[in-house]
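Enquirer: could you look at this predicted model? Sequence included:
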Amino acid sequence: MPASFEGVKNAFAHAQYDDPGNAQLCVHHQGRPVVGLWTTRPNADGPFGPDHVCLTMSCSTDMTATCVHLLARRGEIDHDAPVAACWTEFASGGRENITVADVLAHRSGLSAFDLDAPLAAADLVDWDRTVTALARTEPLWTPGRAFLSHAVTFV
C-alpha cells in the first residue's frame, strides 16, 4: 500500500475496533488497487479473507450525494431549493416543500415506495418505473421532522 494511503488503513482499523462483524475495504486509484484491507472476527462463521464475497451497502448513496454537492458547488442545484424546482412531477402529494437537503439527509419521508402499490425487486433497476412510483408516493411523515435511511428510494 502506498504511504499516502496509510490514513485509510488507520481509519479502517479505528472503525472496525468495536465492530463484531467481518469487513473488507478495497480502494482503487487511477485504475489500480492501492488499498486492500479486511478484518476477521473470532466469532465469525467460517474463514474470511480478501476473496470473500460481501454485501455492500450505501455505496450509491455516497456517490449520489457527492454528485449533488458538486452540482451545488457549480451553482447548478441549490440544497435549500425544493426538489420540485427541477422535477415538476414531484410537486404534489405532500412533497411540494421537500428540499434537496431533505433528500440528502434522509428526512424527506420517502424511505419506501407507496406501500399500496409496492415495486418488485426487479422494478428497482427500471429508472422510469421507480421515478414514476416515487413521484406518486406520499411521505411517511412530515418532511424535515424525522430521519430514516432512504436506502431504496435515495438513488
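Expert: Ah, there it is. Numbers count the residues shown, from 1 in each chain.

Enquirer: count the neighbours of the closest residue to A135 other than its chain neighbours for me.
Expert: Nearest residue to A135 in three dimensions, chain neighbours excluded: E89, at 4.3 Å (CB to CB, 6 or more residues apart in numbering). Bear in mind the C-beta positions are built from the backbone N, C-alpha and C, glycine included. Per other CB atoms under 10 Å, the neighbour tally for E89 reads 12.

Enquirer: P50 now?
Expert: The local packing of P50 (other CB under 10 Å) involves 9 other residues.

Enquirer: name the helix or strand for the most centrally placed residue in the chain, please.
Expert: For the chain, the residue sitting closest to the mean C-alpha position, by CA atoms, centre = their mean, is T61 at 2.0 Å. In this structure, T61 sits in helix 59-73 according to DSSP states H and E.

Enquirer: quick one: that helix to chain centroid distance?
Expert: On the basis of CA atoms, centre = their mean, to the nearest Å, helix 59-73 sits 10 Å off its chain's mean C-alpha point.
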